[in-house]
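>>> What follows is a predicted structure for the sequence shown.
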Amino acid sequence: MSGLYGILWQEFVVFKRKFVATSISFLISPVLYLVAFGWGLGSGVEIGGVSYMAYIIPGIIGMSTMMTSFNNTANTINISRIFYKTFEDYMISPINMTVYALGKIISGAFYGIYSATLIIIMVSIFTNDLVITPYFIVIALLNCFVFSALGFLIGLLVNSHSDMAKFTSFVITPMSFLCGTFFPIDKMPEVLKWIIYLLPLTHTNLALRTTGESSQQMALHAGILVAYLVVLFVLGARHCKTVE
Amino acid sequence: MLEIIDLTKKYKNLTAVDALNLTIADGEFFGLLGPNGAGKTTTVRMISTLTPKTSGDIVIGGESIDRNLISIKAKIGVVPQQNNLENEMSAWENLEVHGMLYKMPKEKRRQKIDEMLEFTELTERRDDLTKNFSGGMKRKLMIARALLHEPELLLLDEPTVGLDAAARRKMWDLLKRLKSKGLTVLLTTHYIEEAEILCDRVGLIDKGKLLRLDAPANLIEEVGKVTVEYFADGETHEEFFPTREKANEYAGSLEGDVRIRPSNLEDVFLKFTNRRVES
Ligand SMILES: Nc1ncnc2c1ncn2[C@@H]1O[C@H](COP(=O)(O)OP(=O)(O)O)[C@@H](O)[C@H]1O
Ligand SMILES: [Mg+2]
């Protein structure tokens, strides 16, 4: 296990070194969204009997943990493969590639968890709309791991910085807007709604709100996230064994 | 120690390494000498399991290598041609991570790190971020890292490329100290002097093929120890002779700009390929 510890320690050293810049960058876009949509657009609007601000806070946590976890893992892996070549030093080391995948996915998820913590602290200062339950925490954690695992796979598959930007524009950004972050998905046209229902972020957002859902529905959200995590992890770890 | 059997790597229609055969003995300092694009890096990458081979076999200590064969990887230390240190980490931290990845127990690891920093003369810079290091220091740190886990075989891919003359000289001193420790080393280079100074045996490689393999002195003897260099028809020509007398005799028959000098591996390479190694 010292191999796994080595991978995590390496990430932690770098995180510590860029602590302030990282923390500030994690807060910028959530603050902008809260200001623009929560206070600006949303004042006076209610969704499902709660204020719009209370409605979007869980959505912003879902979206931010997705973006942060995905970006950190995808960029770290991609840059270390293509640009710094540090990836190769792991490939030649006597580390099982599954352990490497695990280490990198945990590290990326950690960034997501850290950004969620920052957002929660920030919103608690000026509102008590956010209710955090153990279920909320489990879902937020799962969301971080799912998107970190996706980032790992994409970081391995994509061979240029511009393709990485394309993946973000075609997959990550649309998800952040369509999967119930800013408005309920039942407002969408029927066909689109079904597609959206298959996406992991949708279940994160539904689960983080859990207003009036049955325990079966709650379990379903968690189950779908776990399924995504397992599939993405297996694909990433397998690809890692053959990548050149 | 290392046995390479019919090793071949094909990229689409290009054969980067073509049925390479060589055996490196325990404690030998072996050099692969060839111009850019000869297939040196590809060979080293196949041995270090980074590039999958097309065919053939690589055997280390009786075992065929494979990327997912964990046990064999700890026996190899690799210094790649391109810097791959963690930029945002200090020299010490780079080594610490490496030691963890190679599962070295903490006490042993720390002791080896100090020892390797000392060996590569980086002790004073141990806490500086490697992104602020000069090219020579980065290369030395990569050597320290490759040696940290006490490999049985060290692969050095063009360890002095891109270094200025002074840094290159220092690197050679370091490699000589390494040699005196009796480690098995495979070094690639396109610098004649480097191969001559350091290597017990040298393989000449061009276009993926091994042309000749012997001790530098034997290779030079084979073409002739003395070279007569003369300028005619707008270009420099070389002729090789076994003795100084024969060379003098020939030089006497020439007119104009004539130079008599000891032959080197560049001449050997030129003789077999009609091309130069250093460009
Ligand atoms: N990934 C690759 N894809 C296609 N061709 C490659 C690749 N890597 C190396 N080559 C080609 O293989 C040949 C040998 O390259 P290389 O091993 O890097 O030579 P050297 O290290 O001796 O300079 C060159 O012609 C190079 O262009
Ligand atoms: Mg090379």
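Good, I have the coordinates. Ligands and ions are numbered 1, 2, ... in the order given.

>>> C-alpha from now on. contacts and neighbour counts both.
Fine.

>>> If we ignore the residues flanking it in sequence, what's nearest the residue nearest the centre of chain A?
Central residue of chain A (Cα atoms, centre = their mean): A:Met66, 1.9 Å from the mean position. Spatial nearest neighbour of A:Met66, excluding adjacent residues (Cα to Cα, 6 or more residues apart in numbering or on different chains): A:Phe147 at 5.6 Å.

>>> any idea which helix or strand comes after the helix or strand harbouring the one you found?
A:Phe147 is part of helix A:134-157 when elements are defined by DSSP states H and E. Using DSSP H and E, the helix or strand that follows helix A:134-157 in sequence is helix A:161-167.

>>> Give me the buried positions along the helix or strand following that following helix.
For helix A:161-167, the succeeding helix or strand toward the C-terminus, using DSSP H and E, is helix A:173-178. By neighbour count with 16 or more other Cα atoms under 10 Å in any protein chain shown, helix A:173-178 contains the buried residues A:175-176, A:178.

>>> right, and the helix or strand after helix A:173-178?
Heading C-terminal from helix A:173-178 (DSSP H and E), you reach helix A:190-198.

>>> Is A:Gly59 in contact with A:Pro184, as I believe?
No. The pair A:Gly59 and A:Pro184 fails to qualify as a contact (Cα atoms under 8 Å) at a distance of 10.1 Å.

>>> ok, the two, which is more surrounded?
Of the pair A:Gly59 and A:Pro184, A:Gly59 is the one with more neighbours under other Cα atoms under 10 Å in any protein chain shown, namely 26 against 16.

>>> Kindly list the main-chain dihedrals of the more buried one?
Dihedral pair for A:Gly59: phi -60, psi -40, per degrees, to the nearest 10.

>>> Next one: it from A:Leu201, what distance?
9 Å (Cα to Cα, to the nearest Å).

>>> Sticking with A:Met122, tell me its helix or strand.
helix A:97-126.

>>> which parts of that helix are buried?
Those would be A:97-116, A:118-120, for helix A:97-126 by 16+ other Cα under 10 Å.

>>> residues from chain A in reach of chain B?
A:2-7, A:9-10, A:13-14, A:17, A:84-86, A:88-97, A:241, A:244 (Cα under 8 Å from any Cα of the partner chain).

>>> let's see 6 Å
A:2-3, A:6, A:84-86, A:94, A:244 (Cα under 6 Å from any Cα of the partner chain).

>>> Now flag whichever of the residues you listed is closest to B:Thr49.
A:Glu244 (9.4 Å; Cα to Cα).

>>> The closest one falls within a strand, correct?
No. A:Glu244: not assigned to a strand; according to DSSP: H, G, I helix; E, B strand; the rest coil it is coil.

>>> give the contact list for it.
Contacts for A:Glu244 (Cα atoms under 6 Å, 6 or more residues apart in numbering or on different chains) come out as B:Thr51.

>>> Tell me where the stretch 51-200 of chain B has helices.
In the stretch 51-200 of chain B, the helices defined using DSSP state H, counting those that start in this stretch lie at B:70-73, B:91-101, B:106-119, B:135-148, B:165-180, B:192-198.

>>> Just the angle for the fourth one relative to helix B:165-180, thanks.
Just to be clear, that refers to helix B:135-148. 10 degrees (axes from the mean of the first three to the mean of the last three Cα atoms, to 10 degrees).
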